[in-house]
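Asks: Starting from these lines, generate the structure:
(one chain, ligands or ions: 2)
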Amino acid sequence: MTRYQNETRLLHGGDYNPDQWLDHPEILEKDLELMKKSKSNTFSIGMFSWSQLEPREGEFHFEWLDKIIDNIGEMGGNVILATPSGARPAWMSKKYPEVLRTNNRREKMLHGGRHNHCFSSPLYREKISIINRKLAERYGAHPALYMWHISNEYSGDCHCTYCQENFRLWLKNKYGNLKNLNDAWWGPFWSHAYSDWSEIESPSSIGETMVHGHNLDWKRFVTDQTIDFYEHEIKDIRQLTPEIPITTNFMADTHDLIPFQSLDYGKFASHVDVISWDCYPAWHNDWETTADLASKVGFINDQYRSMKQKSFLIMESTPSGVNWHEVNKVKRPGMHLLSSMQFIAHGSDSNLYFQWRKSRGSSEKFHGAVVDHDNSEENRVFKEVAQVGEVLEKMKEIKGSYKEAKVAIIYDWENNWALNDAQGFSNASKQYPQTLQAHYRYFWDQDIAVEVVTSDADLSKYTLVIAPMLYLIREETMTRFAEYVKNGGTLVSTYITGYVNESDLTYLGGWPKTLQEIFGLEVKETDTLYPKDKNQLIYQGLPFEIHDYCSILALKEAKSLANYTKDFYANTPVITKNNYGKGTAYFIGARTTFDFLEAFYAEIAQEKQLLNKWVVQGDKEVSVQSRDFEDYTYQFVMNFSEQLKEIQVASSGIDLITGKEKNKNLQLQPYEVLLIKVNEG
Ligand code: GLA
Ligand code: ZN
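Replies: Ligands and ions are numbered 1, 2, ... in the order given. You can find the predicted model right below:
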């Protein structure tokens, strides 16, 4: 049994950078004391240690790391050991400039920063092989080794000659010959057909790239090339330590906490053993309510859980503020426990932090940390972290437990890329990920669990599948949608769906036939509105506002649930329902305000019995999420508001956080969280 298999605790701890403190043995000593006091058990180390591990080419120093790993091990802690490719030593950039990234303007970057190496450079790959192999040989059998953390937050692209060559190889492999490529990219448009492979280059901001198929393939290539680099990194590690699980830390795009835009994690997910990711919501910001943000946090954590349909890890979060938001506000008292519990509620088995000890110099010296520059356990942040550690110990039995969901929302990376590239509609209002967040919001408000899956997911286990704005849709996806509905599923789709195929070429002959059958209608036109333009629909006797997008529909078998009230398409259908096989397909033809989505989904949730049975009288700002284990359901009740709240639930139970028996009327202080263990026997 490995450390990983044996571990029964939820993970608490985080990124530890002892490499910054090697000249301060008293600090390293103090760390061990504070680790215990904060109830931390897991540390990720080594992600930025290359210049300490190999200060000169071929000269390796592992003694300091031996000691750190031994110390953590002796304390009963886990080590998540990183490979150092995220940042390289200066000697390497100087001697082998090919490791440096080239930007899309074909400018070679200088040494500096991090996360900016070339993914193709044979030399970089060789250097990373050497050091990764040494790490695996030296620590592979260490009893404290819990998991491998490959590199750090892979991102970006490189346009050097190696990468150009790999892109061409990737294209040759995909298309076989130039005729196929020219057909897929609609080559003759503006004279963009190629007559030799060597003419093809990556898209650049110097030359305008209007060839959508080209842009889309480049993005796909970047994902594949990143995965290829990752596979290269893990090759020897896998061979030397087959029992140790491997992860790499994923991200989100920050301001709106939408899925990370530049890599297709849906694809990457199958290459890692455990999903882990770095979550940095801007709590207490001035543009949304706490509940608005909490719903987005819920969405993205649900997405990470859904990738492998398993519990995942929060690899990084902050105990306080960060250093890279527009305004770096600290978490208010109580928010740290609440936000940590939310991760667990949505399926995480950890809360790990960036960073353990606040760095003394450079760009992260003011980033939140468990241990501040005061080096003390007496400050507020440390105490709140220790409290989270204590609570995680009390609830460890839920580790690995499952979270059931009957509702799926589809997020598709390729669709997002193609839609963003599409010229037409209105760039400012496309808002694909934000639209999904809006649909998700109804379910979050109502405490109904959701999975966020890709277009390739197996849909059969869901009662309701929501696929808004699937502008790019493969024939094969349409066929699977048809099967799903025929077999009794309920499918919801919206405006701007079904325009282009996987090559970003439009479907010919009207709206795709399979979609016409499923939804019992044809989309004839899509009107894009100016921000001040509004339309309206009447649904169940009530008016709801429409903005941004209106599809003009011709019904076949579908029936209209609501019509437009204005413009030249007044009195034509906007919301429709179609019985198809044993199932039902709804089409939301226009972008509405959220109150319509609420009314619409309330009806479906009622009819399909999706409502949360444990919540008798809920509150939109009190989120309830559950995880199941054996005969028990663990109900996380989280007050994402600044007010005192009361909700009513169906059964009483013990609150694992306070150890107190709770009756069916639950009172919650601002930001309070309860974890009620309910016997469902
Ligand atoms: C990312 C990185 C960390 C650190 C944090 C700061 O998540 O992986 O190394 O820079 O950001 O928030
Ligand atoms: Zn390159």
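Asks: strand partners of the top strand by length along the chain, parallel vs antiparallel please.
Replies: If you go by DSSP state E, the chain has its longest strand at strand 542-555. Note on strand 542-555: by DSSP bridges, its sheet partners are strand 521-528 (antiparallel), strand 535-539 (antiparallel), strand 590-592 (antiparallel).
Asks: Could I get the CA-only coordinates of the second one as CSV?
Replies: By that I understand strand 535-539. What follows is strand 535-539, C-alpha atoms only, in CSV (Å, rounded to 0.1, in the frame of the first residue of the first chain):
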residue,chain,number,x,y,z
ASN,A,535,-37.7,42.3,-26.7
GLN,A,536,-40.0,40.4,-24.5
LEU,A,537,-41.8,37.1,-24.1
ILE,A,538,-44.9,36.1,-22.1
TYR,A,539,-44.5,32.8,-20.2
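Asks: buried set for that strand?
Replies: By neighbour count with 16 or more other CB atoms under 10 Å, strand 535-539 contains the buried residues 535, 536, 537, 539. Bear in mind the C-beta positions are built from the backbone N, C-alpha and C, glycine included.
Asks: Excluding chain neighbours, what is closest to residue 120?
Replies: Distances taken as CB to CB, 6 or more residues apart in numbering put residue 162 closest to residue 120, at 3.8 Å, once the chain neighbours are dropped.
Asks: Could you give the number of residues near the one you found?
Replies: Residues near residue 162, counting by other CB atoms under 10 Å, number 18.
Asks: That one in helix, strand or coil?
Replies: At residue 162 the chain is in helix, as set by DSSP: H, G, I helix; E, B strand; the rest coil.
Asks: Likewise for residue 470?
Replies: Going by three-state DSSP: residue 470 is coil.
Asks: unless I'm mixing things up, it is touching residue 410, no?
Replies: Yes - the pair residue 470 / residue 410 is scored as a contact, 6.9 Å apart, by CB atoms under 8 Å.
Asks: Find residues that contact each of the two.
Replies: Shared contacts of residue 470 and residue 410 (CB atoms under 8 Å, 6 or more residues apart in numbering): residue 455.
Asks: Please report how far residue 526 lies from ligand 2.
Replies: Taking CB to the ion, to the nearest Å as the measure, residue 526 falls 39 Å from ligand 2.
Asks: quick one on the thing from earlier: could I get the strands paired with strand 542-555 in JSON lines, plus columns for mean pLDDT?
Replies: What follows is the strands paired with strand 542-555, written out as JSON lines (pLDDT from 0 to 100):
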{"stretch": "strand 521-528", "mean pLDDT": "98"}
{"stretch": "strand 535-539", "mean pLDDT": "98"}
{"stretch": "strand 590-592", "mean pLDDT": "98"}
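Asks: what's the closest of these to residue 605?
Replies: strand 535-539 (15.5 Å; CB to CB).
Asks: Residues contacting that closest one, please?
Replies: Here strand 535-539 makes contact (CB under 8 Å, 6+ apart) with 529, 543-547, 550, 561-567, 574-575, 590, 592, 596, 599-600.
Asks: Just the buried residues of those.
Replies: Buried among the contacts of strand 535-539 (16+ other CB under 10 Å): 529, 544, 546-547, 550, 561-565, 567, 574-575, 590, 592, 596, 599-600.
Asks: from what I can see residue 405 touches residue 450, true?
Replies: Yes - Residue 405 is in contact with residue 450 according to CB under 8 Å; the separation is 5.5 Å.
Asks: shared neighbours of these two, anything?
Replies: Residues touching both residue 405 and residue 450 by CB under 8 Å, 6+ apart: residue 302.
Asks: if we can go back for a sec, skip ahead from the longest strand of the chain and say which helix or strand is next.
Replies: Heading C-terminal from strand 542-555, the first helix or strand you meet, by DSSP states H and E, is strand 559-563.
Asks: now that next one against strand 521-528, angle please.
Replies: Comparing the axes of strand 559-563 and strand 521-528 via axes from the mean of the first three to the mean of the last three CA atoms, to 10 degrees yields an angle of 20 degrees.
Asks: Kindly provide the distance from the residue nearest to residue 120 to residue 227.
Replies: According to CB to CB, to the nearest Å, residue 162 and residue 227 sit 17 Å apart.
Asks: Contacts made by the strand or helix carrying residue 599 with the rest, please.
Replies: Assigned by DSSP H and E, residue 599 belongs to helix 594-607. By CB under 8 Å, 6+ apart, the list of residues contacting helix 594-607 from outside reads 438-439, 441-443, 445-446, 448, 464, 490, 492, 537, 539-540, 542, 544-545, 575, 586, 588, 610-611.
Asks: Buried residues of that helix, list them for me.
Replies: Within helix 594-607, the residues scored as buried using 16+ other CB under 10 Å are 596, 597, 598, 599, 600, 601, 604, 605.
Asks: Quick check: residue 633 vs residue 619, distance?
Replies: Relative to residue 619, and taking CB to CB, residue 633 is found at 20 Å.
Asks: Show me which of those two is the more surrounded one.
Replies: When neighbours are counted by other CB under 10 Å, residue 633 and residue 619 differ, and residue 619 comes out ahead with 22 against 19.
Asks: Surely the more buried one and residue 647 touch.
Replies: Yes - between residue 619 and residue 647 there is a contact under CB under 8 Å: 5.3 Å.
Asks: Tell me which residues of the lengthiest helix in the chain come out buried.
Replies: As assigned by DSSP state H, the longest helix anywhere in the chain is helix 212-240. By neighbour count on 16+ other CB under 10 Å, the buried set for helix 212-240 is 212-230, 232-234, 236-237, 240.
Asks: again, but for stretch 493-512
Replies: For stretch 493-512, burial by neighbour count (16+ other CB under 10 Å) applies to 493-505, 507, 511-512.
Asks: Could you pull up the residues touching residue 284?
Replies: If you count contacts by CB under 8 Å, 6+ apart, residue 284 has them with 290, 329, 331, 332, 335.
Asks: Could you measure from it over to residue 294?
Replies: Residue 284 sits at a distance of 12 Å from residue 294 (criterion: CB to CB).
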